[in-house]
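S.K.: have a look at this prediction, sequence included:
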Amino acid sequence: MFKPIETSRLAIREFKETDLMTFYQYRKDEEVAKYQSWNPTNFLDTMKLLHAIIGTPFHFQKGRSTQLVVELSKTKEHIGDVYIGIDEFDSNKCYIGYTLARNYWGHGYGSEAVNLLLSYLFNQSEIKEVHALILPANKRSIHLIKKLGFISISGIEYCLYKPHYYNNRNNMEKSYP
Ligand SMILES: CC(C)(COP(=O)(O)OP(=O)(O)OC[C@H]1O[C@@H](n2cnc3c(N)ncnc32)[C@H](O)[C@@H]1OP(=O)(O)O)[C@@H](O)C(=O)NCCC(=O)NCCS
């Protein structure tokens, strides 16, 4: 059971059955899927994915993963999701992903959602390093992840270590009061 976490603008919570239509609306969008590891998803596959997410309780154990809803705090609109995948060999290391419906791009929601997720991972779990895999053409995502303190460690892999998160947070507090 994941206890929701929030800022004044955003919340991150578990998926529910009623998220299906909003989930499908952005999963089928070619622009949203353009730089992802998945292709635009049809309704049936989105439904199967949602059921798999809901039906698989998440634990911070090697190889486990989940997706969580990002919603607007005030209106409860479901605007996207974040992914957590624990490394297969090291339970202190995880991979993250993040996806927003196109209408919500460019308002700082992506950075804020990832920053909120990082705060959860580093303050409320045993995670010590967070990785993100980003294609070179995904400039928006690379800008976002570097702004949050991640460093490039190979062609597509970016990483943030726990001590660097705390150093960088002092700077971030200026932009995220
Ligand atoms: C990646 C994504 C989550 C970003 O969300 P967002 O809410 O638009 O992000 P933010 O507004 O917080 O930040 C985006 C930053 O990139 C900058 N940016 C936008 N387009 C850019 C471009 N072409 N090149 C460089 N930077 C760019 C913005 O100016 C902003 O920076 P700033 O905060 O310094 O002004 C969103 O675009 C998305 O869901 N994309 C599709 C899914 C995806 O690619 N996910 C990542 C997979 S690795």
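M.R.: Thanks, I have it.
S.K.: who does the spatially most central residue of the chain form a beta bridge with?
M.R.: By CA atoms, centre = their mean, the chain has its centre lying nearest to Val82, at 2.5 Å. Counting by DSSP bridges, Val82 is bridged to Leu68, Tyr98.
S.K.: just checking, it touches Cys94?
M.R.: No: applying CB atoms under 8 Å, one finds Val82 not in contact with Cys94, separated by 11.3 Å. Quick note: C-beta positions are derived from backbone N, CA and C, even for glycine.
S.K.: mind naming the longest helix for this structure?
M.R.: As assigned by DSSP state H, the longest helix anywhere in the chain is helix 109-124.
S.K.: got the angle between the next helix-or-strand element following that one and helix 109-124?
M.R.: Later in the chain than helix 109-124, the nearest helix or strand by DSSP states H and E is strand 129-133. Interaxial angle, strand 129-133 versus helix 109-124 (axes from the mean of the first three to the mean of the last three CA atoms, to 10 degrees): 150 degrees.
S.K.: paired strands for strand 129-133, with orientation please.
M.R.: Strand 129-133 is paired, per DSSP bridges, with strand 93-100 (parallel), strand 157-161 (antiparallel).
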